[in-house]
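Engineer: Mind folding the following:
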Amino acid sequence: MDTTSWRIGAAKQQFSEVVRRSQSEPQKIFNRDQLVAAVVNPNILNAVERRQRRSARTLADLFAEFRAICADEDHELQIPERRNREGWPDDFDEREDRDSGRSRASAG
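Structural biologist: The predicted model follows:
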């Protein structure tokens, strides 16, 4: 095993050394060639936990945060006037019929 991997028995006997080495790089602990634990620097653990908390936020949470930032900065989102794209029908049903290869007259 390399210097970052430990068998579980050796890790128990040399726990202080495992912890000391974890300050520079994660230490992996194996039981019968299966990874069962890792000892990491607290800064790494904190970074992982922060990332998990951020990724646990929903889209609604992100929009609420965005609205709060806009309100704090007295910013109003400018929404452009809606218009149809060139070549696109005005009616959704017409587009749906066109996409399926049917015309309105033959659909009935």
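
Engineer: For this protein, which segments count as strands?
Structural biologist: 5-7, 27-31, 34-39 (DSSP state E).

Engineer: Adjacent strands (with direction) for the shortest one?
Structural biologist: To tie it back to what came earlier, the one meant is strand 5-7. strand 27-31 (parallel) (DSSP bridges).

Engineer: Lowest mean pLDDT among the helices and strands, pick that one out for the protein.
Structural biologist: The weakest-scoring helix or strand in the chain, judged by mean pLDDT, DSSP states H and E, is helix 104-107 (a mean of 50).

Engineer: count of neighbours near the nearest residue to Glu25 once chain neighbours are set aside?
Structural biologist: Distances taken as Cβ to Cβ, 6 or more residues apart in numbering put Thr4 closest to Glu25, at 5.6 Å, once the chain neighbours are dropped. C-betas here are computed from N, CA, C, even on glycine. For Thr4, the neighbour count with other Cβ atoms under 10 Å is 15.

Engineer: who's in contact with Thr4?
Structural biologist: For Thr4, the contact set (Cβ atoms under 8 Å, 6 or more residues apart in numbering) comprises 21, 25-28.

Engineer: And the residues you listed, which is closest to Arg83?
Structural biologist: Ranked by distance to Arg83 (Cβ to Cβ), those are led by Pro26 at 54.9 Å.

Engineer: so how far is His75 from the residue nearest to Glu25?
Structural biologist: 49 Å (Cβ to Cβ, to the nearest Å).
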